[in-house]
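Chemist: pasting the structure only:
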């Protein structure tokens, strides 16, 4: 049977989305048709995530759902790609005997040709990610997307299995990234969100020094790019040069996402994270107060005492961060922290998450009040229930709050416009 319709299901973060866009391009190049209708597809490719237990659970669920479709259509082919396959390896076929093949994170570029062979295959021999983005086909209908500048990570945080799944840091060349950025701009992209497992380590492996500032300066020369945003920065490799580049370059957003995870030196030591995180954050806010900060926090890490948690809670209350993602600790068998015996009870973790969220919500209310009456340039992205959802420079796509405007014929989706903040509701701002 000729298999010419393919559906690609993407799970996990924006880094996976970029990879799936490249995979879709490879399918199109080989003559396949891409469809979102799973009832009419010939092949389903599930690009999985395994960063935390919830992500693994979602990956397992999607594979099981695909299996139910195969019960109705015996000719349907199911292939699993990415982190879950890399994590389970030989167990993949054992757990899911109905799948037709799987590849780990280092063989995305081969997946189309392997599927064309119409035979079962399994390849988790190497880690990594997509190495060639020239085939990439955008899945967005807004002038905003992501650009991935490196793969893997050299850090060995005790709770994280990314190095097991993705390997060591491998940076792309400045030329390959700027070539892609130019191509994206030519396609109408005006907001470029810079991503990697560790963006601030960029270039250390191929240029012998931290080179993110140089890369951002090169990308900023592309006139069509109105917003360039930095995500996934590692605290200890944020340099003064980088902060100056962000602060002084017109089309680089005054915004950095810095996942600090905790603030207690004891917990940071157990996490194998930089212990001078507090000083780094305080320095940024003192010397570059115009830069908006986002972070991610983990509470309930093994051996996190009540004192450690109170220190973290107190730090959140100081309102250094406009946006915070708060997570309860998730055990991973491959992670070093799995072996730490003093686990925090789940009910305690959940309570600590709630307390942090409550403290941050008070900061959000305060910050939203300060924005009331001010005018910002925004990017209108979608309409829901007669409301237009927009973002300003201080809001990253998908993860931060929104600016909501009543449906107005003068506002076009994807076209930058100016609005004035009139009020706020919970996390979101209300504008006219």
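Modeler: Arrived safely, thanks for sending. Here the structure is a predicted model, which means the values were calculated and not measured.
Chemist: okay, CA-based contacts and neighbour counts for the rest of this
Modeler: Noted.
Chemist: for the lowest-mean-pLDDT helix or strand in the chain, packing partners?
Modeler: In the chain, the helix or strand scored least confidently by mean pLDDT, DSSP states H and E is strand 121-123, which has a mean of 82. The contact analysis (3 or more Cα pairs under 8 Å, 6 or more residues apart in numbering; DSSP states H and E) places strand 121-123 against strand 101-103.
Chemist: ok, the strand it packs on: who's next to it in the sheet?
Modeler: According to DSSP bridges, strand 101-103 forms sheet pairs with strand 77-82 (parallel), strand 121-123 (parallel).
Chemist: got the buried residues for it?
Modeler: Residues of strand 101-103 classed as buried under the neighbour-count rule (16 or more other Cα atoms under 10 Å) are 101, 102, 103.
Chemist: between those residues, which is closest to residue 46?
Modeler: When the buried residues of strand 101-103 are ranked by distance to residue 46 (Cα to Cα), residue 102 comes first, at 9.4 Å.
Chemist: Compile the buried residues of strand 101-103 into TSV and extend it with columns for distance to residue 360 and pLDDT.
Modeler: Below are the buried residues of strand 101-103 laid out as TSV (distance: Cα to Cα, whole Å; pLDDT from 0 to 100):
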residue	distance to residue 360	pLDDT
101	44	91
102	41	91
103	40	90
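Chemist: want to throw these into a markdown table with distance to residue 337?
Modeler: Listed next are the buried residues of strand 101-103 as a markdown table, based on distance: Cα to Cα, whole Å:
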| residue | distance to residue 337 |
| --- | --- |
| 101 | 32 |
| 102 | 28 |
| 103 | 27 |
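Chemist: Bridge partners for residue 48, pull those for me.
Modeler: Judged by DSSP bridges, the bridge partners of residue 48 are residue 82.
Chemist: And it, how close does it get to residue 109?
Modeler: From residue 48 across to residue 109, the span is 16 Å (Cα to Cα, to the nearest Å).
Chemist: between the two, who's got more neighbours?
Modeler: residue 48 (28 against 18; other Cα atoms under 10 Å).
Chemist: I figured the more buried one was touching residue 86, is that so?
Modeler: No. Counting by Cα atoms under 8 Å, residue 48 does not reach residue 86; the two are 9.7 Å apart.
Chemist: related to what we said a few turns ago, touching the helix or strand just after the least confident helix or strand of the chain from outside, list them.
Modeler: As assigned by DSSP states H and E, the chain's next helix or strand after strand 121-123 is strand 144-148. Here strand 144-148 makes contact (Cα atoms under 8 Å, 6 or more residues apart in numbering) with 14-15, 18, 177, 181, 189-196.
Chemist: Filter those residues down to the buried ones.
Modeler: Among the contacts of strand 144-148, those buried by neighbour count (16+ other Cα under 10 Å) are 14-15, 18, 177, 181, 189-196.
Chemist: Let me see the contact set for the residue lying closest to residue 92 once chain neighbours are set aside.
Modeler: Nearest in space to residue 92, with sequence neighbours left out and distances taken as Cα to Cα, 6 or more residues apart in numbering, is residue 85 at 6.3 Å. Residues counted as contacts of residue 85 (Cα under 8 Å, 6+ apart) are 48, 92, 102, 103, 104, 105, 124.
Chemist: let's see 10 Å
Modeler: By Cα atoms under 10 Å, 6 or more residues apart in numbering, residue 85 lies in contact with 47-50, 91-93, 101-105, 122-124, 165.
Chemist: Out of the residues you listed, which comes closest to residue 204?
Modeler: Set against residue 204, the nearest of the contacts of residue 85 by Cα to Cα is residue 165 (20.6 Å).
Chemist: so who does that closest one touch?
Modeler: The neighbourhood of residue 165, defined by Cα under 10 Å, 6+ apart, consists of 49-51, 82-87, 104-106, 124, 126-129, 152-153.
Chemist: Okay, and it sits in which element?
Modeler: According to DSSP H and E, residue 165 maps onto helix 162-166.
Chemist: any idea of the mean pLDDT in whichever helix or strand comes after that helix?
Modeler: Once helix 162-166 ends, the next helix or strand along the chain (criterion: DSSP H and E) is strand 170-171. For strand 170-171, mean pLDDT rounds to 96.
Chemist: Show me what strand 170-171 is packed up against.
Modeler: With contacts defined as 3 or more Cα pairs under 10 Å, 6 or more residues apart in numbering; DSSP states H and E, the packing partners of strand 170-171 are strand 150-151.
Chemist: Identify all contacting residues around the strand it packs on.
Modeler: 15, 127-131, 163, 166-173, 177, 194-199, 201-203.
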